[in-house]
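*Asks:* I'll drop the sequence and a predicted model, then ask my questions.
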Amino acid sequence: MPHLVLQHSNNLLENSFHNFFNDVHIILSNSLNSNIEKCRSRVIPLSNYYIADGDIKHAFIHLDIYIKSGKPPELIRSTGQMIFSKLNDYVTGSKSNLIVQSSIEFHEVGCYYIN
């Protein structure tokens, strides 16, 4: 824990997220005192999506971050801002040709998570 699930429209120019995940794992380790050895990330490119008016100039990238519950909300918020900035920087190439909508959502996992 934490676990990251990155979903994105398949029209983004960026197709390798190893460097992005490395940076995010470090941020989570430093900010939320997470064990970097337990961080897991995966990418789900999507070809079946509809954004705004359906024009192909639209794209999206969304990151779900699953963390153990109990972290202070302000710490989660500030960590999220750092990761959101990193996410937007990462898709800069796509932003030159596309209207990219980006978002992050944290999910707190309670005592029923079994690892």
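*Replies:* Done, it's in. The structure presented is a predicted model; accordingly, all values stated were derived computationally and were not measured.

*Asks:* Tell me where this structure has strands.
*Replies:* Applying DSSP state E to the chain gives strands spanning 3-9, 40-46, 58-68, 99-109.

*Asks:* Could you point out which of those sits nearest Ser31?
*Replies:* When those are compared by C-beta to C-beta, strand 58-68 sits nearest Ser31, at 10.5 Å. Where you see a C-beta, it was placed from the backbone N, CA and C, and this is true even at glycine.

*Asks:* and the angle for the closest one with strand 99-109?
*Replies:* Orientation check (axes from the mean of the first three to the mean of the last three C-alpha atoms, to 10 degrees): strand 58-68 against strand 99-109 gives 10 degrees.

*Asks:* quick one: buried residues of strand 58-68?
*Replies:* For strand 58-68, a neighbour-count test (16 or more other C-beta atoms under 10 Å) marks His58, Ala59, Phe60, Ile61, His62, Leu63, Ile65, Tyr66, Ile67, Lys68 as buried.

*Asks:* could you redo the residues you listed as TSV and give each row pLDDT and distance to His107?
*Replies:* Converted to TSV, the buried residues of strand 58-68 look like this (pLDDT from 0 to 100; distance: C-beta to C-beta, whole Å):
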residue	pLDDT	distance to His107
His58	98	25
Ala59	97	23
Phe60	97	18
Ile61	97	17
His62	98	12
Leu63	98	11
Ile65	97	7
Tyr66	95	5
Ile67	94	7
Lys68	90	10
